[in-house]
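Participant: I would like the atomic coordinates for the input below:
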Amino acid sequence: MGEFVVTGGRFRLALTGGTAVLAVLTAGSLAGCSVGSAGRLASGESGEPVTITPANGTAQVRPDGTIEVKAAGGRLQKVTVQGPGATVTGAFGDDRKVWRSDRTMTPGTAYTVTAQVRDDGKTRTATSSFTTLKAARTLKIADVTPNVKNEKVGIGMPIIVTFDGPVADRAAVERTLRVTPEKPVEGAWRWVGQDKAIYRTKTYWKPHQTVRFHARLAGVNAGGGVYGAEDAEATLTIGAAQITKGDIRKHHMTVTRDGKKLKTLPFSAGNGQTREYTTTSGVHLLMEKGNPVTMTAPGRKPGDPGYYKTVVDHAVRFSNSGEYTHSAPWSVGSQGSANVSHGCINLSPADARWYYDIMQRGDVIELTGTDRQVEWDNGWGFWQMPFDEWREGGALR
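Facilitator: From the prediction side, this is the model:
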């Protein structure tokens with residue numbers, strides 16, 4: 001005769017003439033609503049139970065609860081957790097007599113735990129099925145930048161994670177964020193708003209590698225009764241190390257790839273008559289490109305002094321204050337000798353197209369020669385901030 005216990009009731013299983021007879025010893029509910037309820041489930045003829053928590057039939061399990069499997073006799077050989085939500089992993093302890101999950105579960109999801117225990121030369125299997133709490137409010141990752149399929153990005157590229165709502169417990173959420181490069185380099189997260197975190201490395205990425213981002217967000221208590229809805233992942237392909245260095249006073253910039261010079265380009269930068277028309281110095285990142293792009297005077301409307309509206313070809317943005325490299329056939333005579341633009345880097349049509357064609361988002365463009373420094377939060381000017389200060393903006397200092 002064998003015996004097993006399920007939450008709220010005790011049952012005895014007897015074999016009589018080859019027929020199983022189930023006798024109820026204590027009546028009670030077969031399912032509870034607490035993550036702490038446990039059930040003993042065993043198969044085979046041994047009386048040694050395997051205890052799985054949550055118990056079979058349990059509902060409303062907290063997504064951030066822990067699954068625990070204990071073997072009173074023998075050793076656990078294998079434990080799996082199956083369900084349509086996040087893949088739940090765990091670790092053995094106490095000489096494989098216990099197993100505990102090491103991550104959270106997807107809200108509103110059915111999971112089945114299967115455990116195998118080896119004792120006296122026999123392997124037995126126990127299972128427990130339960131459902132997690134369906135959260136009233138959830139948090140998702142709305143966007144991970146870069147996010148263009150098959151895109152190669154530059155060695156300065158940040159990882160920008162935008163959530164679909166404000167994050168109350170930033171530390172809990174940040175703990176779920178993992179960045180794994182093939183060629184390791186130190187990096188850190190910085191929160192730049194209630195719903196956005198940015199990852200920047202201490203030094204540039206090593207070129208020609210894959211970087212993987214993974215957020216084990218499902219089931220994480222994000223604060224204020226909000227749980228993470230699902231995991232998220234993204235893959236970055238770091239391309240060649242393309243760096244542009246230019247001196248605004250000397251009107252030339254040199255482009256290198258993996259340390260080798262590709263080309264020196266004459267240009268005309270901002271005329272410097274006002275701060276607005278002064279090209280920013282500092283470390284910029286190339287952000288996007290367009291062909292053509294319509295440029296207008298910021299903050300001005302038709303008829304205002306200084307208003308302009310110009311369509312330019314082969315434009316590459318490097319700040320949010322209206323700075324691009326672009327084709328400027330009207331200023332070719334000044335390129336290489338004088339600064340006459342409204343703040344952009346004017347190039348010849350041929351040079352602008354060449355630069356546009358080789359550009360990768362996240363490529364570095366370092367400019368010197370003016371007293372106007374690009375702000376760290378102007379576009380992707382993140383490299384303007386010292387790394388020690390950058391990581392102070394993280395939730396896990």
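Participant: that's a helix at G65, yeah?
Facilitator: No: counting by DSSP: H, G, I helix; E, B strand; the rest coil, G65 is not found in a helix; it is coil.
Participant: could you double-check that it sits in contact with T58?
Facilitator: No: counting by C-beta atoms under 8 Å, G65 does not reach T58; the two are 9.9 Å apart. (Glycine included, C-beta is placed from N, CA and C.)
Participant: more neighbours, those two?
Facilitator: A direct count of neighbours by other C-beta atoms under 10 Å for G65 and T58 places T58 higher, at 26 against 20.
Participant: the more buried one and G90, how far apart?
Facilitator: Note on T58: its distance to G90, by C-beta to C-beta, to the nearest Å, is 18 Å.
Participant: may I have the beta-bridge partners of the closest residue in space to Q373 that isn't next to it in sequence?
Facilitator: Using C-beta to C-beta, 6 or more residues apart in numbering and skipping residues adjacent in sequence, the residue nearest Q373 is G282, 4.9 Å away. Beta-bridge partners for G282, by DSSP bridges, are L367.
Participant: list the contacts of G282.
Facilitator: Counting by C-beta atoms under 8 Å, 6 or more residues apart in numbering, G282 touches 366-367, 373-374, 381, 383-384.
Participant: before we move on, what about T180?
Facilitator: Going by C-beta under 8 Å, 6+ apart, T180 touches 211-214.
Participant: can you list the residues you listed in TSV and add distance to I198, pLDDT and secondary structure?
Facilitator: As requested, the contacts of T180 are arranged in TSV below (distance: C-beta to C-beta, whole Å; pLDDT from 0 to 100; DSSP: H, G, I helix; E, B strand; the rest coil):
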residue	distance to I198	pLDDT	secondary structure
V211	14	98	strand
R212	17	98	strand
F213	12	98	strand
H214	17	98	strand
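Participant: contacts for the longest helix seen in the chain?
Facilitator: Longest helix in the chain, counting residues (DSSP state H): helix 349-358. With C-beta under 8 Å, 6+ apart as the test, helix 349-358 has contacts from 242, 255, 257, 262-263, 265-266, 289, 291, 313-316, 325-329, 347.
Participant: just the buried ones from those?
Facilitator: Among the contacts of helix 349-358, those classed as buried by 16 or more other C-beta atoms under 10 Å are 242, 255, 257, 262, 265-266, 289, 313-316, 325-328, 347.
Participant: how is the chain partitioned into domains?
Facilitator: 2-131, 137-239, 242-384 (automatic domain parsing).
Participant: of all those domains, which lies closest to G393?
Facilitator: Among those, the nearest to G393 by C-beta to C-beta is domain 137-239 (3.5 Å).
Participant: distance between the ends of the closest one?
Facilitator: 39 Å (C-alpha to C-alpha, to the nearest Å).
Participant: so V220 sits against R170, correct?
Facilitator: No: counting by C-beta under 8 Å, V220 stays clear of R170, with 11.3 Å between them.
Participant: what about these two, which has more around it?
Facilitator: Neighbour count, other C-beta under 10 Å: between V220 and R170, V220 has more, with 25 against 18.
Participant: quick check: bridge partners of the residue nearest to the more buried one when sequence neighbours are not counted?
Facilitator: Leaving aside its chain neighbours, V220 sits nearest to G228 (4.0 Å; criterion: C-beta to C-beta, 6+ apart). When bridges are called by DSSP bridges, G228 pairs up with L139.
Participant: next: T244.
Facilitator: Taking DSSP bridges as the rule, T244 bridges to V255, I365.
Participant: show the pLDDT at it.
Facilitator: T244 is assigned 98 on the pLDDT scale.
Participant: same check, this time on R300
Facilitator: R300 is assigned 86 on the pLDDT scale.
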